[in-house]
Structure formats: structure tokens, C-alpha cells
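Participant: The following comprises the amino acid sequence and a computationally predicted model.
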Amino acid sequence: MGRLTGKVAIITGAASGMGLGGAQLFAKEGAKVVATDVVFDVLEEKVKEINADGGEAIALELDVSKPESWQAVVKETIAKYGKIDVLVNNAGIHIPKGILEAELEDWEKVMSINTTGVWLGMKAVIPHMQENGQGSIVNTSSIAAIIGGTADAGGAAYSASKGAVRSLTKHAAQWFGKDNIRVNSVHPGAVYTGMVEKAGIKSQEEMGANYESLVPLKPYAGEATDIAHAYLYLASDDSKFVTGVELPVDGGWISN
Ligand SMILES: NC(=O)c1ccc[n+]([C@@H]2O[C@H](COP(=O)([O-])OP(=O)(O)OC[C@H]3O[C@@H](n4cnc5c(N)ncnc54)[C@H](O)[C@@H]3O)[C@@H](O)[C@H]2O)c1
């Protein structure tokens with residue numbers, strides 16, 4: 001029996017990086033995975049691979065910043081599986097512009113996906129978890145919500161958006177504990193994913209070399225599966241007495 005057998009899990013941003021790693025691992029652990037992303041063609045391919053590997057997953061298009069998009073995904077999930085046990089609010093973007101360089105449009109784009117998207121996801125899913133009598137929500141923040149410096153890779157809105165996810169998680173943990181809904185945040189450090197590849201970095205080792213003086217553990221940058229295992233712990237009943245925590249997965253960066 002897997003650690004998520006019988007559970008229905010929605011994961012956002014599942015076409016790439018940590019979201020994809022989470023979808024693959026959750027399927028291996030017996031979850032029915034509702035894999036969602038705004039990039040649908042890639043998502044469909046990845047979901048086919050999960051099913052070919054013996055997992056159970058469906059692909060649904062979702063723009064996390066749009067309430068109507070959430071309504072459609074939740075409706076389809078309930079129609080197919082009858083309940084929602086887990087939501088991983090993983091989707092996010094980064095714009096490497098500081099306070100002086102960013103335009104209002106940059107700020108609003110980052111906030112609408114990284115923060116508003118997390119709120120909209122919880123708003124859409126929590127009533128179904130209440131009906132179900134339990135649930136686990138995992139929100140992806142960042143160590144940029146905890147420290148400054150190079151942790152936010154120069155993104156002012158990014159840093160603010162992830163700080164909001166950290167506090168919104170604690171708000172939700174307090175208000176919905178009575179419904180047996182747990183809400184926790186994961187705070188990745190430097191992790192080699194599609195987001196980083198798009199920024200021109202060619203390998204995990206190349207990324208890690210930038211953080212050698214900050215991160216105690218080799219190879220100084222993590223990989224998607226490091227975060228997927230944190231998602232698994234918080235999604236599963238292994239963490240049934242854990243809510244409102246912030247779990248850094250950063251090779252020890254913030255212990256500096
Ligand atoms: N990679 C890092 O070093 C790092 C560090 C800290 C936090 N994070 C956070 O981890 C999460 C996952 O990032 P990743 O590194 O795997 O990035 P990634 O770019 O590889 O994957 C992110 C996914 O989110 C999707 N997405 C973007 N906008 C969306 C939208 N509006 N609606 C739905 N999906 C959308 C993308 O299409 C993509 O598939 C993000 O929240 C990111 O901010 C990443």
C-alpha cells in the first residue's frame with residue numbers, strides 16, 4: 001500500500017519541475033492525481049507517461065490566477081473522483097526585477113500567479129475538504145519568504161509574493177484546523193528545474209556552483225524530487241498532527 005493510496009490530489013504547475021516531480025511521486029504512492037497546468041500540451045504528455053508507468057492521473061488545464069479556471073477543475077475533479085483530499089499549490093513564476101526595475105505590470109503578474117493563485121486554490125477546494133471531513137493543503141513558498149540576499153534571485157515581487165504565501169498558510173492553518181484541514185508551506189532553496197533552465201543555467205551542478213559559500217550540503221542546489229518528497233510527507237497521513245509549519249528544503253541555506 002502506498003502512502004497516498006485512496007487519496008485524490010490536485011497539483012498545480014504539474015507540467016514541469018517540482019509539480020511534475022510531485023505528480024510522479026504521488027502516483028507511485030497510490031494517489032489519484034489531478035495534474036494541472038496552464039501549459040496543456042506538455043502536461044498531457046507527462047500524464048500519459050505517469051499512466052503508462054502504472055499510475056493514475058488526469059491532465060486538466062488550469063490558470064491558477066483565474067477563479068473560473070479553478071471552478072472548472074474542481075467541478076471536473078468532483079465529477080470524476082467525488083472528493084478532494086490534497087491540494088498542492090505549486091505553480092509559480094519568477095521575474096528577476098528589483099524594486100526600481102519592476103513595472104506595475106511585472107508586480108501584478110507575479111502576485112496574481114504566486115499569491116492570488118494560492119488563495120483562489122484554497123477558496124475553491126476548502127468547501128469540498130470540509131464536506132469530506134479532512135484535507136491537506138501544501139503551499140509552495142520559498143526561502144525568499146524568510147531571508148533576503150540572493151535567495152529571491154533579484155525578484156522584489158517574487159519575494160513579496162512568497163512572503164504572502166507563508167503568512168496566508170498560517171492563517172488558513174488556524175482557521176481550518178477545526179475541519180481537520182491541515183495547511184503547510186514548503187520553502188525550496190536553490191533547486192534545478194525548468195524555471196532555472198529558462199534563465200539560462202544548464203545543469204544542477206552549474207546552479208550549485210553559485211551557492212557553494214551559502215549552502216552546507218552538496219551539490220549546493222537541489223532537484224525536483226527533493227521537493228516532491230516534502231510534498232509527499234505533508235500530503236500524507238504521516239504528517240497528520242502537523243499544520244501551519246514552514247518546511248525549508250534548501251540544503252541548509254537558511255541555517256547560515
Ligand atoms: N526552482 C527554484 O529554485 C525555486 C526556489 C524556490 C521556490 N520555487 C517555487 O517552486 C514552485 C515550482 O517551481 P519550479 O522551479 O518547479 O518551476 P517550473 O517553471 O519548472 O514549473 C512551474 C510550472 O508552473 C506553471 N505555471 C506558470 N504559471 C501558471 C499559471 N498561471 N497557472 C498554472 N500553472 C502555471 C508552469 O507552466 C510550469 O509548468 C514555484 O512556486 C516556484 O516559485 C522554486
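Facilitator: Noted; the coordinates are in hand.
Participant: Return the backbone torsion pair for residue 15.
Facilitator: Main-chain torsions, residue 15, degrees, to the nearest 10: phi -80, psi -10.
Participant: Need the outlier residue of the protein, farthest from its centre.
Facilitator: residue 100 (28.2 Å; CA atoms, centre = their mean).
Participant: so that one, which of the three states?
Facilitator: coil (DSSP: H, G, I helix; E, B strand; the rest coil).
Participant: Make sure I have this right: residue 247 is in a helix.
Facilitator: No: counting by three-state DSSP, residue 247 is not part of a helix but strand.
Participant: Enumerate the residues of the stretch 101-250 of the chain near the ligand.
Facilitator: 113, 140, 142, 188, 190, 191, 193, 194, 195, 196 (CB under 6 Å from any ligand atom). Every residue, glycine included, has its C-beta placed from N, CA and C.
Participant: Tabulate those residues (TSV), appending pLDDT.
Facilitator: As requested, these are arranged in TSV below (pLDDT from 0 to 100):
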residue	pLDDT
113	99
140	99
142	98
188	98
190	98
191	98
193	97
194	93
195	91
196	95
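Participant: Which strands and helices lie in contact with the lengthiest helix in the chain?
Facilitator: In the chain, with assignment by DSSP state H, the single longest helix is helix 156-176. Judged by 3 or more CB pairs under 8 Å, 6 or more residues apart in numbering; DSSP states H and E, helix 156-176 is in contact with helix 104-111, helix 117-132, strand 135-140, strand 181-188.
Participant: Could you list the single helix or strand in this structure with the lowest mean pLDDT?
Facilitator: helix 194-198 (a mean of 93; mean pLDDT, DSSP states H and E).
Participant: Pull out the buried positions in it.
Facilitator: Buried residues in helix 194-198, counting neighbours by 16 or more other CB atoms under 10 Å, are found at 194, 195, 196.
Participant: returning to what we had before: how far off centre is the longest helix of the chain?
Facilitator: Relative to its chain's centre, helix 156-176 lies at 13 Å (CA atoms, centre = their mean, to the nearest Å).
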